[in-house]
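S.K.: starting from these lines, generate the structure:
(2 chains)
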Number of protein chains: 2
Amino acid sequence: MPLVTTTRPATSLTIRPATDDDWPLLWPVVEAVVREGETYVYPLDLTSDQAREVWMERPPGATVVAESADGTVLGTAKMGPNRPGHGDHVGTASFMVAPAARGLGVGRALGERVVAWHRERGFHGIQFNAVVESNAPAVRLWRSLGFAIIGTVPGAFRSPAHGYVGLHVMYLDLT
Amino acid sequence: MPLVTTTRPATSLTIRPATDDDWPLLWPVVEAVVREGETYVYPLDLTSDQAREVWMERPPGATVVAESADGTVLGTAKMGPNRPGHGDHVGTASFMVAPAARGLGVGRALGERVVAWHRERGFHGIQFNAVVESNAPAVRLWRSLGFAIIGTVPGAFRSPAHGYVGLHVMYLDLT
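M.R.: Residues are numbered from 1 along each chain as shown, chains lettered A, B, ... in the order given. As a prediction, this is how the structure comes out:
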């Protein structure tokens, strides 16, 4: 687990929509998180092409990139309806922060952007389907943004470091 | 909501693996359930080709068909890992019963088959991600098979008949 410091990014953190041209810079961040295998249930052998297909959302979804003043990618998030049809009024999102940028408030900045994005579009709420119980910094962050744990599926995630841990369903009501 | 009777199928109900050739007979059942829009969050304008892609599972998943002695399709279920990677030890499944065959125990027979399928393959549990709260027969059936409600995402489903209702996450422990 990365050290969590109280250092916050100064004015140098920018969050902007991701474009197809960004993928070569996003993939190393996504790859590091996927290969680590501690926070997401992606296939461990995910290729760049497969990851791009999953991560680069098309409308009505969106993908954003967090970067420093010199253009270094610090993190990325994707968001959009959690379900189609009669469930598309609830959104969802996924987040990845570059290992070297953890503990700097990148996740919080991305989370705030994601909440604002859903509010602006009239979503009724945001559901996270599978927050790894042992990912304490993430659980703490989402709680601080107002998300509640709806329930926990016991032992649904095999953490390389912690063994079988639960997956939280978390929800933020925006109505 | 269909009338629920106590009539159970006699020995005439057969459950077998579905093949590609079955799709023309499965699609009317899937289409009826999707268009009804009361029990699943599929796109309402789902086409036959899109539905086949979603419904006809490839290994390690499976799709089965329930049919009467004369070959009439009564229902269908699909099953497989709920998540890839470090989450693939928990399974999931979806069920559809032909409108004319409801209340006859087809759903229960399919549910029992699905539970057995997961047990045989060593899954640790079965998770249903989105059981519509107002679908009382389904909630009752899954409870009777041992599933527990892990949590409910409030108002996450727009039921044509009931308005905004919750989506249950249900789970059966097989360990």
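S.K.: please count neighbours and contacts with C-alpha atoms only from this point.
M.R.: OK.
S.K.: A:Arg108 - nearest residue in space that isn't next to it in sequence?
M.R.: Of all residues beyond its chain neighbours, the one nearest A:Arg108 is A:Leu141 (6.8 Å), with distances taken as Cα to Cα, 6 or more residues apart in numbering or on different chains.
S.K.: state the pLDDT value of that neighbour.
M.R.: The pLDDT attached to A:Leu141 in the predicted structure is 97.
S.K.: wasn't it part of a strand?
M.R.: No. A:Leu141 sits outside any strand when classified using DSSP: H, G, I helix; E, B strand; the rest coil, being helix.
S.K.: surely it and A:Ala109 touch.
M.R.: No. Between A:Leu141 and A:Ala109 no contact is recorded; they are 10.5 Å apart, counting by Cα atoms under 8 Å.
S.K.: from B:Glu120, how far off is A:Gly163?
M.R.: From A:Gly163 across to B:Glu120, the span is 23 Å (Cα to Cα, to the nearest Å).
S.K.: more neighbours: the two, which one.
M.R.: For A:Gly163 versus B:Glu120, the count of surrounding residues by other Cα atoms under 10 Å in any protein chain shown is larger for A:Gly163: 11 against 8.
S.K.: could you measure from the more buried one over to A:Met170?
M.R.: Taking Cα to Cα as the criterion, A:Gly163 is separated from A:Met170 by 21 Å.
S.K.: just for chain A, where's the confidence low?
M.R.: A:1-11 (pLDDT under 70).
S.K.: which parts of it sit against chain B?
M.R.: Remark: the part of chain A in contact with chain B comprises A:37, A:41-44, A:83-87, A:89-90, A:127, A:150-153, A:156-159, A:169, A:171, using Cα under 8 Å from any Cα of the partner chain.
S.K.: need the residue closest to the centroid of chain A.
M.R.: Centrality entry for chain A: nearest residue to the mean C-alpha point is A:Phe95, 1.4 Å, by Cα atoms, centre = their mean.
S.K.: quick one: which helix or strand includes that one?
M.R.: Counting by DSSP states H and E, the secondary-structure element that holds A:Phe95 is strand A:90-97.
S.K.: now do the buried residues in the helix or strand following that strand.
M.R.: The helix or strand immediately downstream of strand A:90-97 is helix A:106-120, counting by DSSP H and E. Buried residues in helix A:106-120, counting neighbours by 16 or more other Cα atoms under 10 Å in any protein chain shown, are found at A:Val106, A:Gly107, A:Arg108, A:Ala109, A:Leu110, A:Gly111, A:Arg113, A:Val114, A:Val115, A:Trp117, A:His118, A:Arg119.
S.K.: I figured the fifth one was touching A:Ala77, is that so?
M.R.: Yes. Assessed by Cα under 8 Å, A:Leu110 is found in contact with A:Ala77 at 6.6 Å.
S.K.: distance between the ends of stretch A:94-106?
M.R.: Counting by Cα to Cα, you get 13 Å between the two ends of stretch A:94-106.
S.K.: go on, stretch A:114-126?
M.R.: By Cα to Cα, the extent of stretch A:114-126 from end to end equals 9 Å.
S.K.: ok, residues contacting that stretch?
M.R.: A:Ala77, A:Met79, A:His89, A:Val90, A:Gly91, A:Thr92, A:Ala93, A:Tyr171, A:Leu172, A:Asp173, A:Leu174, A:Thr175 (Cα atoms under 8 Å, 6 or more residues apart in numbering or on different chains).
S.K.: how far off centre is that stretch?
M.R.: Taking Cα atoms, centre = their mean, to the nearest Å, one finds the center of stretch A:114-126 at 15 Å from the center of the full chain.
S.K.: also stretch A:166-174?
M.R.: Once both centres are worked out by Cα atoms, centre = their mean, stretch A:166-174 turns out to sit 13 Å from its chain's centre.
S.K.: can you check stretch A:111-121 too?
M.R.: Counting by Cα atoms, centre = their mean, stretch A:111-121 is centred 13 Å from the centre of its parent chain.
S.K.: since we're on the residue nearest to A:Asn129 when sequence neighbours are not counted, how many residues are nearby?
M.R.: When the adjacent residues along the chain are set aside, A:Asn129 lies closest to A:Val169, with 4.8 Å between them (Cα to Cα, 6+ apart). Burial of A:Val169 is recorded as 25 neighbouring residues (other Cα under 10 Å).
S.K.: go on, A:Gly71?
M.R.: Under the criterion other Cα under 10 Å, the count of neighbours that A:Gly71 has is 12.
S.K.: try the one 10 residues further on
M.R.: Other residues lying near A:Pro81 total 22 when counted by other Cα under 10 Å.
S.K.: got a list of contacts for stretch A:136-148?
M.R.: Stretch A:136-148 is contacted by residues A:Gly107, A:Arg108, A:Gly111, A:Glu112, A:Val131, A:Glu133, A:Met170, A:Tyr171, A:Leu172, A:Asp173 when judged by Cα under 8 Å, 6+ apart.
S.K.: alright, I will stop here.
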